[in-house]
Every structure is written in C-alpha cells, then in structure tokens.
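S.K.: model the following, please.
(chains A, B, C and D)
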2 protein chains.
Amino acid sequence: MDADPIRERVLDAADALFYQQGIQAVGMDAIRARAEVSLKRLYQCFPAKEALVAAYLRRRDERWITALTDFVENTPATTPRVCAVFDFLAAWFATPGFRGCAFVNAFGELGAVSPLAVQALRSHKERLRTRLVALARRDGVADPESAAAHLLFLVDGAIVAASAGTVADPAGTAREAALRVVTAG
Amino acid sequence: MDADPIRERVLDAADALFYQQGIQAVGMDAIRARAEVSLKRLYQCFPAKEALVAAYLRRRDERWITALTDFVENTPATTPRVCAVFDFLAAWFATPGFRGCAFVNAFGELGAVSPLAVQALRSHKERLRTRLVALARRDGVADPESAAAHLLFLVDGAIVAASAGTVADPAGTAREAALRVVTAG
DNA sequence: TGCCGGGGAGAACGAGCGTTCTCTAGACTA
DNA sequence: TAGTCTAGAGAACGCTCGTTCTCCCCGGCA
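M.R.: Have a look, this model is predicted:
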C-alpha cells in the first residue's frame, strides 16, 4: 500500500509546503526539489497537481483524525472525552508552523473553482462530527447529536481564533465553553 | 471621501469577484471588465493589486460589522442581544453566493505570504469580539469577556459549518449553544 | 566491447498573471 | 482651423506555473 518510498517522500514534501505556504503558492518544482525527486518521477506518481492535492488532503484528513483519536484514547479516563478533544487542540496549536485548518484554507483558496476542496472540507468536518457524537455519547451527554454540533462549532471557532490570535488561550477557553455546553441545557 | 464613483465601481467589482472566486483566482483584467473601467484608471485608483485587496478587506470589515450592529439594534428587545447575532448569521448564510468568511478565506490564500491578510483577519475578529463583549454586557451576562470569547468561537464555527454544509441549520444550532454558554456557568 | 532501455536534469512550451507602454481618437482652446 | 492634451483600448513585457519533451548518462546483456 504505502510501500512506495518516493511517493511518500513526495507526499511529505507536498504536505509541508502546501500547508505552510498554501496550495496555489507552491509550484510542482518546489515539491520536486524538496522531495529530491525528478519531475518525471513526480508525474509518474501523480499525473497532475490536482491529484497531488487530493492525496495531500486525504492523507491529512486520515492523520489528523487518527491523531485526535489516539490522543483522546490516551488521556486518563478521569477527564471527560470531549475535554480531551480540546487538550488535543492545545497541543496542535502549540506546534511550530501551525497555520489553521488545512481544509478551511484549501476551501478559501480553491473552493470556488475546485469541487475537490469543498468535498474535502465537507467530508473532513463530517468525520470529525461523527467522532464528536461518539465521544459525547461515551460521556453520557443527554443529546449527543446536538452536543456534537455545538462542539464542532467550538473546535472550528478555536482553530480560527488560534489562526487570528484574537483570544489568548483558544483551546482552553473553548474547553470551558464545551463543558458548559454539554452540562447545561 | 467616497465621492469617487469609479473607485466605488472598482471596489464593487473587486468585492464580488474576490469573495466569489478567491483573490488569487481573479485577475486585474477581470476587475477592470466588471467595473467597466480602463486599466489606466484602475491603476490610478489602486497602484497595485495589493492595495486593492487591502481596500477590499477594509471595506468588507466595515460593512459586515455595521450590518451586524444594525441588525442587532433592529431586533426586538425581547430577544437577547447575543441571540440576535446568530439570527444575523442565519440571514447571511441564506444569502445567495455565501462563501464563508472573506477574512478566513484570504488568510488561507495569502496568510503565509502577505502580512496584510493575517492583519486583516486579526483586526476583523478583534472588532467582532469587542462587539460581542458589549452585547454580552447589555444582556447582563456574568463574565462578558469570557462569554464573548465563547460566542466568537460559536460564530466562526457556525461560519465554517455553513461553508462545509455538515450541520443542517448552523446559525440556529449555534444560537442554542450560545444560550447555554451565556446562561450556564 | 557494442548495444539498448530507463531514468535524471533541465530546457521548452503555452498559458495566464501584474504592470507598463503605445497608439489613436476626440474634446477643448487660441 | 490648427494644435494640444486627455483618456481609453489593448498590445507588450517580464515573470511564473503546469506539463511535456529532449538529451545524455549509466547499468545490464549478447
């Protein structure tokens, strides 16, 4: 499956460059240079830039959801599952090079032109919402479906705030709000 | 001040095209065509595309905040001020051609390259946060500062959800969450 | 040793962009 | 009427990008 090392190298380079600088701002030659791969090989792996963008978004979706799930599973059971989501966000925001949600950014760049970007945003947020439903249910929240929608808002809002820098501790503040949302009502 | 009609025409064209298709996807010639202005006049008004982008974001910030304020002031006093914010969002989301937050989109496109975009996002969200503090205070919320941060998350999260289409009624659902946030605690 | 196929480096190509320049037509003045 | 200035239309320029093509080298085989 992922036994092709040069394909992985290309995807690593694309991930770093696309996320850091934006998709349109990064040329195929920059990816080729960072991956240390010939242009011919690059186009053998991905027949066009759009295919590379699709693979980039697919892999980032997979990895992000997996990282979130792992983080939540590895937090002590004493903390509510939905709070662990925001602890995960806090760690992510502190990552050097954090630059917001890759799917929201891609939507901003390409949403009007490429259905790929809007589809990627939609499916990523839908997967996240589904995870939030499951976590809310495990916490014994009364209405897991609507709680998950509220939590989804808080997650995306915290990501925007972390990008903008308008709130001092976005993850911690969103965590407080999450506690109120799932306990009140 | 804004007595220059061709400058207004240019800004109208830029607003429509930039918001709809993205900033990088729209060329100066497309703006010239839509504004029905000669290229020479366009460059007399704005010496470079970056100046036009800055003016576009500044005007959109001004108009959006003003529209929100007007909407809130014109809603009956029986509904909490912070709920009126989400009623405003509902009306905005239903607007044809809605394509998310122009500032978040601009940040996704240009954030890594242009300090202008990150500054515009930051100042826009800060202005919004300040308004939310004032509204929360008028509602008699216990801690208006932290309530405003929570509401800001819900607003931005609802905008992302409206873009992605993952939640059926983003504004209404966020409004519920807002009520819980400001009453609980 | 002579031959051949594959892969790397990078030139080439066509398109699109932001920005500037040129040309021309028309309006206003003496 | 002759001259001058302005402004519009659009060609031109330099650059970048995605994609393809060409050339050359190097390893395997008769």
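S.K.: what does stretch A:38-45 contact?
M.R.: For stretch A:38-45, contacts defined as CB atoms under 8 Å, 6 or more residues apart in numbering or on different chains pick out A:4, A:6-7, A:10, A:28-29, A:31-32, A:35. Using the backbone N, CA and C atoms, a C-beta is placed for each residue, glycine as well.
S.K.: the residues you listed in helices, which ones?
M.R.: Among the contacts of stretch A:38-45, the residues falling in helices (DSSP state H) are A:6-7, A:10, A:28-29, A:31-32, A:35.
S.K.: domain ranges for chain A?
M.R.: As given by automatic domain parsing, the domain ranges for chain A are A:1-47, A:53-183.
S.K.: any part of the longest one near DNA strand C?
M.R.: No. Judged by CB under 7 Å from any atom of the strand, domain A:53-183 makes no contact with DNA strand C; its nearest approach is 10.8 Å.
S.K.: and that domain, how far from the chain's centre?
M.R.: 7 Å (CA atoms, centre = their mean, to the nearest Å).
S.K.: now do the end-to-end distance for that domain.
M.R.: In domain A:53-183, first residue to last residue: 40 Å (CA to CA, to the nearest Å).
S.K.: closest one to DNA strand D out of the ones in helices among the contacts of stretch A:38-45, please.
M.R.: Ranked by distance to DNA strand D (CB to the nearest atom of the strand), the ones in helices among the contacts of stretch A:38-45 are led by residue A:28 at 3.9 Å.
S.K.: count the neighbours of the closest one for me.
M.R.: 15 (other CB atoms under 10 Å in any protein chain shown).
S.K.: same check on residue A:74?
M.R.: Residues contacting residue A:74 under the criterion other CB under 10 Å number 9.
S.K.: that one and residue B:130, how far apart?
M.R.: 39 Å (CB to CB, to the nearest Å).
S.K.: just the element for the residue nearest to residue A:132 when sequence neighbours are not counted, please.
M.R.: Nearest non-adjacent residue to residue A:132, counting by CB to CB, 6 or more residues apart in numbering or on different chains: residue A:148, 3.8 Å away. Mapping residue A:148 onto the secondary structure by DSSP states H and E places it in helix A:144-164.
S.K.: what does the helix or strand that comes right after that helix contact?
M.R.: Counting by DSSP H and E, the next helix or strand C-terminal to helix A:144-164 is helix A:170-183. By CB under 8 Å, 6+ apart, the residues outside helix A:170-183 that reach it are A:80, A:82-83, A:85-87, A:89-90, A:93, A:136, A:139, A:141, A:147, A:150-151, A:154-155, A:157-159, A:161-162, A:167, B:146, B:149-150, B:153-154, B:177, B:180-181, B:184-185.
S.K.: residue A:171: neighbour count?
M.R.: Neighbourhood size, residue A:171 [other CB under 10 Å]: 23.
S.K.: leaving aside the residues adjacent along the chain, what's closest to it?
M.R.: residue A:90 is the one closest to residue A:171 (CB to CB, 6+ apart), at 3.5 Å.
S.K.: kindly export whichever strand or helix holds the one you found (C-alpha atoms) in PDB.
M.R.: Following DSSP H and E, one finds residue A:90 within helix A:81-93. Backbone C-alpha positions of helix A:81-93 (Å, rounded to 0.1, in the frame of the first residue of the first chain) are rendered in PDB as follows:
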ATOM      1  CA  ARG A  81     -13.700  12.600  26.500                       C
ATOM      2  CA  VAL A  82     -15.000  15.800  24.900                       C
ATOM      3  CA  CYS A  83     -12.500  17.800  27.000                       C
ATOM      4  CA  ALA A  84      -9.700  15.700  25.700                       C
ATOM      5  CA  VAL A  85     -10.500  17.000  22.200                       C
ATOM      6  CA  PHE A  86      -9.600  20.500  23.300                       C
ATOM      7  CA  ASP A  87      -6.500  19.300  25.000                       C
ATOM      8  CA  PHE A  88      -5.500  17.900  21.700                       C
ATOM      9  CA  LEU A  89      -6.200  21.200  20.100                       C
ATOM     10  CA  ALA A  90      -4.000  22.900  22.600                       C
ATOM     11  CA  ALA A  91      -1.100  20.700  21.700                       C
ATOM     12  CA  TRP A  92      -1.800  21.200  18.000                       C
ATOM     13  CA  PHE A  93      -1.900  25.000  18.300                       C
END
